[in-house]
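Chemist: Okay, predicted coordinates and the sequence, questions at the end:
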Amino acid sequence: MPDEKWLAEVEKYRDKLISPVDLNEYFENKELYGVKTICYPFGTITLPTGELIGCDPLVFLDDDQDSFYIKAPTGEFPVELCIVEPFNGDCARYAAMRIKYSDKRAVRFELALTGTEDISELAQFEKGDYFGFPVDAGLGCFCDRAAQKAFTAFDNEMYQKHGEDFNFYNDYMAALFAESYKADPRYQRAGGDFLNYTVPGTGYHIPICNSGFGDGMYPVYWGYDENGNICQTVMQFIDLKLAYIDEEEDEDD
């Protein structure tokens, strides 16, 4: 847990943690800001500890990645993708990934923090600013701490078995993504863009998907229902209004 001073600063600037976007709309609407979207059921995530991690699985998941300091509910929960359907020659784009803990609608979305952020930066936050996690391999995932430890152990076993020249993605994960594409090619490129991964030897599910427009920093939000309970967690890859409306307006000017 972060210290009391850090938590006090969070409370002082809590309004700056609120998402400027109603992320419910990403999964409820069939069209937003001039683009067609689909809510795509994406299997489940396994959360035995509730210590939830959001990260790039190929670059950071085998490190001692920080989990969010607020715990998620424990159990097995459905995951959904908000996908922008292909148009104007572009491929499908993944705008967000959501874990649903209940059927209750979120009345507010608040940034998920790890407790390691420089919270003094909140004072200078403007609308749309956020703390996020880095993506360097074009992928994002949700993962429980127990699944992360199992994944790391399996990763190490593979390198010990195959030697220094082994590449975890090229020599192992790529085939799984390709199979995902074969199973459902509608919203993926030929190499595969999403994978509900099960850590071998466990029942732990880790949902992994392409990160919108690629590498960058991406926020995660807790969704709270009217009773103040966490009802969902959303990883946002694309601000649809910023990406599609403002860009079109700029071109018209």
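Modeler: Perfect, thanks for sending it.

Chemist: Longest strand of the chain, counting residues only.
Modeler: strand 35-47 (DSSP state E).

Chemist: Beyond it, next helix or strand please.
Modeler: The helix or strand immediately downstream of strand 35-47 is strand 52-55, counting by DSSP states H and E.

Chemist: What is that following strand packed up against?
Modeler: strand 139-144 (3 or more CB pairs under 8 Å, 6 or more residues apart in numbering; DSSP states H and E). For every residue, glycine as well, the C-beta is placed using N, CA and C.

Chemist: Compute the inter-axis angle for the next helix or strand after the strand it packs on and strand 139-144.
Modeler: Using DSSP H and E, the helix or strand that follows strand 139-144 towards the C-terminus is helix 145-162. Interaxial angle, helix 145-162 versus strand 139-144 (axes from the mean of the first three to the mean of the last three CA atoms, to 10 degrees): 120 degrees.

Chemist: wait, doesn't T46 sit right on H205?
Modeler: Yes - counting by CB atoms under 8 Å, H205 is a contact partner of T46 at 4.7 Å.

Chemist: Need the overlap of contacts for the two.
Modeler: 76, 147 (CB atoms under 8 Å, 6 or more residues apart in numbering).

Chemist: can you give me the helices in the stretch 151-253 of the chain?
Modeler: 168, 174-183, 240, 247-252 (DSSP state H, counting those that start in this stretch).

Chemist: ranking those by mean pLDDT, which is last?
Modeler: Mean pLDDT values for these show the minimum at helix 247-252, a mean of 46.

Chemist: Contacts for stretch 126-140 next, please.
Modeler: So stretch 126-140 is contacted by 16, 20, 54-60, 97, 111, 113, 117, 121, 169, 208-211, 214-220, 235, 237, 239, 242 (CB under 8 Å, 6+ apart).

Chemist: so how many other residues sit close to the residue lying closest to V107 once chain neighbours are set aside?
Modeler: Excluding its sequence neighbours, the residue lying closest to V107 (CB to CB, 6 or more residues apart in numbering) is E226, at 5.2 Å. E226 has 11 neighbours, counted by other CB atoms under 10 Å.
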